[in-house]
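Colleague: Sequence below, structure please.
(one chain, ligands or ions: 1)
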Amino acid sequence: MRIIRTIDGIRTAVTEARAARRSVGLVPTMGAFHDGHLSLMRAARADNDLVVVSLFVNPTQFGPSEDLAAYPRDEARDAALAEQQGVDILFAPEPAEIYPDGFATSIHVSGITEVLDGASRGAFHFDGVATVVAKLFGIVAPDIAYFGQKDAQQVMVVRQVVRDLNLPVRIEACPIVREPDGLAMSSRNVYLDADARQQATALNRALDAASDLHVAGERDAATILEAARRVLLHAGIRPDYLELRSNDDLTPLEHVDRDALLAVAARVGAARLIDNHILTTRDERGTR
Ligand code: PAF
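Modeller: As a prediction, this is how the structure comes out:
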């Protein structure tokens, strides 16, 4: 596996692959790899001739009171893990390579960014994500890019950017990977001490309680959400948000008569965690 730090370098490598008619898959990441990231890399490996993983802790998607400085970084460990998954190139640029002096563009997606994490963290967050992802697509020009469904709203924002800007890339959303006790894997789980780690299991248990009600036929959103809220409160967790929204456009739902995103965010110990289930009307089981 090659580690490339410059835009010129990655462009040369991708141009060579294209000349040899090789397909290119991209897994955009901020490092601190866990099994969720590795599952994206394996999906990219199965589908593409050349697999590029970008490792860039994007400063513009962090707010001033967020964890940019503390965000876990261990490039040597990440590189070893990526290599084990058969990744061909780790693209690990410095911030100045991505945001040189004079950088002045920001991509803003309206509507779907104004709720859930966009409302809770602030509009800057998805502006930062949309801009860096569009840049990565411009730099790497992948055929397919892979994202984790844990960041369900991020996937929707990226799909919207791709649609609106006619970017020639297919977006693949891969299932949430969970610990044996149900906690969704996240780079931020390293912030949890033993008590908080235990407390954090309540997020998925809350989503399970709500999903079970939905599977049993309940369609009233307030009733479904109340089941989840009870589990969170019992664990001493006050969510930033706990909401049921349409899985197409994030409009709020009072009655769950279509595929719905059941999403939660909460501060648990030193970490702010998010998780979600899709409540689907196509079959009787939610996607967990
Ligand atoms: O999900 C992430 O790790 C980041 O938001 C992403 C997509 C790599 C953009 O910085």
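
Colleague: Against Tyr71, how distant is the spatially most central residue of the chain?
Modeller: For the chain, the residue nearest the mean C-alpha position is Asp151 (3.2 Å; C-alpha atoms, centre = their mean). To Tyr71, Asp151 is 15 Å away according to C-beta to C-beta, to the nearest Å. Just so you know, the C-beta spots here come from the backbone N, C-alpha and C atoms, and that holds for glycine as well.

Colleague: do Ala260 as well
Modeller: 31 Å.

Colleague: Tell me which of these two has more neighbours.
Modeller: Set side by side, Ala260 and Tyr71 show more neighbours around Ala260, with 27 against 18, by other C-beta atoms under 10 Å.

Colleague: Spatially nearest residue to the residue nearest to the centre of the chain (excluding sequence neighbours)?
Modeller: Distances taken as C-beta to C-beta, 6 or more residues apart in numbering place Ile274 nearest to Asp151, at 7.2 Å, with adjacent residues excluded.

Colleague: can you check Thr251 too?
Modeller: Counting by C-beta to C-beta, 6+ apart, Arg245 is the residue found nearest to Thr251 once chain neighbours are left out, at 6.3 Å.

Colleague: now Gly182
Modeller: Once flanking residues are discounted, Gly182 sits nearest to Asn204: 3.7 Å by C-beta to C-beta, 6+ apart.

Colleague: for the host helix or strand of the one you found, packing partners?
Modeller: For Asn204, the element it lies in under DSSP states H and E is helix 194-215. Using 3 or more C-beta pairs under 8 Å, 6 or more residues apart in numbering; DSSP states H and E, the elements in contact with helix 194-215 are helix 221-234, strand 260-268, strand 271-279.

Colleague: How about the secondary structure of the residue lying closest to Ala123 once chain neighbours are set aside?
Modeller: In space, Ala123 comes closest to Thr113 once its chain neighbours are excluded; the distance is 6.5 Å by C-beta to C-beta, 6+ apart. Under the three-state scheme (DSSP: H, G, I helix; E, B strand; the rest coil), Thr113 adopts helix.

Colleague: where's Thr113 relative to Gly36, distance?
Modeller: From Thr113 over to Gly36 the distance is 23 Å, taken as C-beta to C-beta.

Colleague: Good, wrapping up.
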